[in-house]
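Chemist: for reference, the sequence and a predicted model appear below.
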Amino acid sequence: MVRNLCILGSTGSIGRQSLEVAAHLGIPVSVLAAGTKIDLLAEQCRTFHPKLAVTATQEGAEALSQALSGQPIQIAWGEAGLLEAAAFPETDCVITAVVGMLGLKPTLAAIAAKKRIGLANKETLVCAGELVMAAAARYGAEIVPVDSEHSAIFQCLMGCADRREVEKLLLTCSGGPFFGRSRGELETVTSQDALRHPNWRMGPKITVDCATLMNKGLEVIEAMRLYGLPQNRVEVLIHRQSVVHSLVSFRDGAVLAQLGSPDMRLPIQLAMTYPERVESLAPPLDLTVCGPLTFEKPDLETFPCLALALACARAGGTACAAMNGANEAAVALFLKDQIGFYDIYRRVSQAVDAVPYVRQPNLDQILEADRLARALAGEL
């Protein structure tokens with residue numbers, strides 16, 4: 001079990017649940033970092049008494065300083081603050097729960113400081129997976145995934161000494177709020193429609209990604225990086241009940257699955273306690289009441305974002321960073337009701353085609369592909 005935590009993205013859904021789990025386990029939290037929800041961050045600071053708190057902007061830092069007047073908490077802001085937070089000497093685990101490319105540099109900083117990474121920021125591995133995994137191996141940093149699907153695979157592989165025994169990873173997907181609808185029916189859906197996820201309560205960006213199935217495409221790329229497998233050995237299955245969180249198929253025909261209640265506190269806790277298991281806040285799974293468990297293939301025609309993500313996964317290089325950056329920009333416009341549902345796919349696809357492709361990029365080339373794709377998706 002880890003001894004001291006840093007939580008990047010503490011006011012988001014994963015961050016708030018990470019604090020619940022930390023309190024349950026009695027693990028101190030020395031660092032909190034958040035964006036612009038200053039009132040909530042101040043409340044978290046009063047409850048958990050971190051030694052360092054980080055905000056997105058200088059104005060936010062000044063507001064937080066006023067809200068915490070008289071308390072012995074160091075306050076920083078911006079990218080420099082996030083990097084300081086990620087490498088804070090007293091912590092041994094960093095929960096990376098910030099959304100988007102913002103998490104990449106702090107994750108690399110935490111790896112260089114030899115922390116355990118509780119990875120909840122999938123964009124880090126989507127955009128720069130090869131660099132991140134190579135850095136983790138070089139510094140001896142441990143990466144324990146927090147995404148429910150990747151935590152499930154992590155658990156299924158705990159007893160696998162030789163990864164050559166693995167035939168395929170099977171990532172389950174709820175299908176989101178639009179499962180079963182036709183392409184014609186989805187042409188006019190709104191952002192509010194997309195935010196009605198049937199099983200999970202998450203932030204708006206990831207919820208829209210679940211509606212387009214882009215989220216599952218990002219998770220395919222993340223799984224490829226985490227477990228060193230090509231795209232054709234990572235498969236997506238629609239599983240509406242969100243009870244089987246993912247599966248691993250082995251060469252001898254055996255299939256292992258991890259089941260549990262649809263509660264993110266389970267994988268969050270494992271990232272903190274691994275290799276131990278302790279009592280959880282999540283309700284236990286009762287197989288007698290969860291109903292039939294079903295599985296089927298995704299509809300790539302109705303959900304072209306998943307098909308695009310799989311194509312970028314096969315291409316590798318800067319294609320993944322360009323796709324991710326363009327998607328973040330397009331989803332932001334959709335959430336403001338400035339573009340339609342399928343405009344997300346159109347803008348991302350066009351941006352990926354327009355960004356110059358580099359097969360083995362360095363960090364600067366990855367960041368430039370991300371920047372250019374965002375600009376293109378916002379301008380189209």
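Modeler: That came through, no problem. Just so we're clear, the structure is a prediction, and the values are computed from it rather than from any experiment. Numbers count the residues shown, from 1 in each chain.
Chemist: how far away is Arg225 from Met133?
Modeler: 6 Å (C-beta to C-beta, to the nearest Å). All C-beta atoms are positioned from the backbone trio N, CA, C, and that covers glycine.
Chemist: show me the contacts for Asn10.
Modeler: That one is not Asn; residue 10 is Ser. Shown in contact with Ser10 (C-beta atoms under 8 Å, 6 or more residues apart in numbering): Arg16, Ser18, Leu19, Leu32, Ala33, Ala34, Leu41, Gln44, Ala97.
Chemist: what do you get if the cut-off is 6 Å, keeping everything else the same?
Modeler: Leu32, Ala34, Gln44 (C-beta atoms under 6 Å, 6 or more residues apart in numbering).
Chemist: what's the answer for Ala23, then?
Modeler: Applying C-beta under 6 Å, 6+ apart, no residues qualify as near Ala23.
Chemist: same question for Thr107.
Modeler: Shown in contact with Thr107 (C-beta under 6 Å, 6+ apart): Thr96, Thr124.
Chemist: helices along the stretch 151-300 of the chain, start to end?
Modeler: Along the stretch 151-300 of the chain, the segments classed as helices by DSSP state H, counting those that start in this stretch run 183-186, 191-194, 204-212, 214-227, 265-273.
Chemist: so which of those helices comes closest to Ala377?
Modeler: Distance to Ala377, taken as C-beta to C-beta, is lowest for helix 214-227 among the helices of the stretch 151-300 of the chain, at 12.6 Å.
Chemist: chain center to the closest one: distance?
Modeler: Between the centre of helix 214-227 and the centre of its chain there are 10 Å (C-alpha atoms, centre = their mean, to the nearest Å).
Chemist: so which of the contacts of Ser10 is the most crowded?
Modeler: Neighbour tally across those (other C-beta atoms under 10 Å): the maximum, 28 neighbours, falls on Leu32.
Chemist: hmm, that one is touching Leu52, no?
Modeler: No - counting by C-beta atoms under 6 Å, Leu32 stays clear of Leu52, with 7.6 Å between them.
Chemist: if we can go back for a sec, okay, Arg225 and Met133: which has more neighbours?
Modeler: Between Arg225 and Met133, Arg225 has the larger neighbour count (other C-beta under 10 Å), namely 23 against 17.
Chemist: now Ile344. Nearest residue, chain neighbours left out?
Modeler: Ala330 (4.4 Å; C-beta to C-beta, 6 or more residues apart in numbering).
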